[in-house]
Structure formats: C-alpha cells, structure tokens
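J.: Sequence and predicted structure are below.
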Amino acid sequence: MRIKKFMLLFMSLFLLTGLVQSPVNAEAKGAALKLGINDKVSAIEAVSVKDTYYVPLRSLADELKWTLTGLADGKIHIAGGTGSLTLLNKDGGAVLKDGQTVPMSTFLQDGKLMAPLKVSAYLGYSISYAGDKYLLRVKDGSAKLSDAEFTGKYAAELKPKAPVAPATPAKPAEPGKPGRTVYLTFDDGPSATTGELLDILSKYDVQATFFMLGNNMNQHPAQVKRIAKEGYGLALHGVTHRKEKFYASPAAALGEMSGANATLKKLTGASTTLIRTPYGSKPYFTKSFRDKVLSQGYHLWDWNVDSYDWKYKENSDRIYNTVLDQVNKLKASKTNPVILMHDQKATLKVLPRLLEKLKKDGYTFELITKDMEPVNFWKDKR
C-alpha cells in the first residue's frame, strides 16, 4: 500500500512540474494528443514541446469556464476551478494566489497563446496521463468515469490518426519574426458592435489592443468587461475625443486619461498605462503635454499603418489594399506593423478578409504591453 501511495505521489509531482514524457509508442511519439476534459473528449489538441504538453489557453478556458483578464503589462489573470493565478509574459512563470512564483512558459502558435496544461493543476484540477493509451485528461470533482473507463470508451477517438513530426522548436520560441508580428489596434470603442468585432477576433484566434474612450466605456460596460475577460489588450484613448477639450492644456489631457483609467478600473478591476491621444499625437501632443502625462507612468502609442477605415468606411477594397500596401513596405525593413483600425460597424466587413490574408502571409498577432518600446510619432521612448 505504501509503495502504491508513493508511486501516485511520484506521478502527481511529475504532472505538476510538466515532466511527463511524450508517448513512447512509436506511432504516437511526438504526436498531438486530444485532450480529455472530465467525461468527454474535447476538440483541444495538446502538443508536446520539450516533454511538456501545451494547449491553447483560450480554448481551455472556454471549456473549463475560466475567467481570463488581460492586465496592463501583458500579464493574464486566470480565475477558475478552486483557485487563481497570474500568468506572466513568455518565460516569466506564474504567480500563484499565495504570492509564490512557479516556472511556466508560454508561446504563440498559429496566432494562439499556448500555455502548459499544468496550469490547470494549480487551479485545483487533476491531470491523468497514460502514454500507451494516448490518454491526457483534466478532471475535477464532476468526472464520473475512471481513467480505465474513459480510455475504453474513447479508445478510437484518442488514438492519433497519423504520425506527426515532433514540435519545433525544442523549446518555446520568441513569438513571430522581425517584421512579421502584427499589433492590431482599435480606437474609439467600445460600441454597439464591439461584440461582433470580438467574435471575429475569436474566430481567427487573433490578439488585439483596444484604445477605449471613457464615455463609451460607461455606455457599453458589458463590452469592456468582455474585452478584459477574454484577454485582449486594455488601453486608453481619453474621455471625450473632442480636440478643444482634450488639448485645452497638459492638465486637461492628463485628466482625461486618468478619468478613462478610473472608469476602466471600476468596470474591470484593471488599469493600464497604454495611451493613444485623439487624432494621433502630432501635432498637438507637444513636449509640454508629453512631460505632464508621461511623467505619470503612461506610455504613448501611435501607429505605422493607418487603415483609413475612418475615411473609407464601407469601401472595403480600399481599406484592404491600403493596409496591405503599408504592411508590405514595412516588411522590407523588418518593421512590425502597428495597425490603426476603429471599433465601428464598417470595419467588420473588411476585417475577416484582412486577417485571413495576414495569417496566410505568415504574420502572427500580439498584444501591446507596457514593457515594449512605444511606437509614436515623436519617437518618445518613455
């Protein structure tokens, strides 16, 4: 009995630290495994990278009803199961509820943020693994089937259809390539059609950063909460979007950003340091304005690709060609595109076509974070 308990504890520790080996069966070695969740086989595929299984974080969260909250510095707070944790950037690890930091890496694959399956163990779930039966399963107290019953019931579904080459690179890589990482941004929201916009982004597994107006956040609080819950980037665009009010003085500009931040905090519990000024920072956001606002810890962002969706509206072909022309020019200098679009109904028509093209051309999509060097017209690196 002691030996059996020791072996169970030994396997649990392996699971928790992400050291469970890939299947030794020659047919399945290096293959992706279908993830079992409680008493069903999900559509999620777990990929083995350096002997750790990774899954798309958003898909796993949807299946297990977790709440994902994107924080201002690019971190993601995860609440679900019987606990919570904060996932740090890339190889930064995760901060548990008790303040302990544990090793954990993330990376992008086909535009999806991949996280180790062991994240579920820290939220109170148990993980079952049996390489010879192609079993990888996450369970909570609602699971009725034993692992033997589960593999017996779903043997045909669990078995990989064909050999798959080992995942590369051997360890989580820096996402994207120079000039091939897109920072997609939306101004002026939220709006009555933000939900449709988020549905499109979710369908294509695309990350985006939202520069939101305080007045619009108050009018559409549910949309703000959804943006935060689904892990998109939170950023500020002021309150009024009225030139004579925002640029009345440096104090007025700071007041609008602080007011918008207070609204964001009230609705989501999160605040941000990322800002974009109305109509862009030139020519109005001069040094006196920047000194006043950026000294408070804000980071100024403009763009290097203007979609002109605010100008061309329903002319989708014009918007599409305008974006691609500018993106292609940036490719030569290996400059990552920061694309300006707007949270408006007209943009919904062209967005799917644009995302399909950029993904086909090998671009990945990431969130803007406070740790990045800002892209702005003044080249102000604060």
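T.: Perfect, I can see it now.
J.: use CA for all of it now, contacts and neighbours both
T.: Fine.
J.: How far off centre is the helix or strand residue 222 falls within?
T.: Using DSSP states H and E, residue 222 sits within helix 221-229. Relative to the centre of its chain, helix 221-229 is centred 14 Å away, using C-alpha atoms, centre = their mean, to the nearest Å.
J.: which residues touch it?
T.: 67-71, 190-191, 194-195, 198, 217, 233-234, 264, 267-268 (C-alpha atoms under 8 Å, 6 or more residues apart in numbering).
J.: In strands, which of those residues fall?
T.: Counting by DSSP state E, the part of the contacts of helix 221-229 found in strands is 67-70, 233-234.
J.: wait, which of those is closest to residue 319?
T.: Among these, residue 233 lies closest to residue 319 (C-alpha to C-alpha), at 23.2 Å.
J.: Bridged to the nearest residue to the closest one once chain neighbours are set aside, which residues?
T.: Nearest residue to residue 233 in three dimensions, chain neighbours excluded: residue 209, at 4.0 Å (C-alpha to C-alpha, 6 or more residues apart in numbering). On the basis of DSSP bridges, residue 209 is bridged to residue 185, residue 233.
J.: Contacts only, for residue 209.
T.: Contact analysis of residue 209 by C-alpha under 8 Å, 6+ apart lists 183-186, 232-235, 367-368.
J.: Turn those residues into JSON lines, including neighbour count and pLDDT.
T.: Conversion of the contacts of residue 209 to JSON lines gives the following (neighbours: other C-alpha atoms under 10 Å; pLDDT from 0 to 100):
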{"residue": "183", "neighbour count": "21", "pLDDT": "97"}
{"residue": "184", "neighbour count": "23", "pLDDT": "97"}
{"residue": "185", "neighbour count": "22", "pLDDT": "98"}
{"residue": "186", "neighbour count": "20", "pLDDT": "98"}
{"residue": "232", "neighbour count": "26", "pLDDT": "95"}
{"residue": "233", "neighbour count": "28", "pLDDT": "95"}
{"residue": "234", "neighbour count": "31", "pLDDT": "96"}
{"residue": "235", "neighbour count": "30", "pLDDT": "97"}
{"residue": "367", "neighbour count": "22", "pLDDT": "96"}
{"residue": "368", "neighbour count": "27", "pLDDT": "95"}
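J.: nearest to residue 155, of these?
T.: residue 232 (37.1 Å).
J.: and the closest one, how far is that from residue 210?
T.: With the distance defined as C-alpha to C-alpha, to the nearest Å, residue 232 ends up 7 Å from residue 210.
J.: try residue 84
T.: According to C-alpha to C-alpha, residue 84 and residue 210 sit 25 Å apart.
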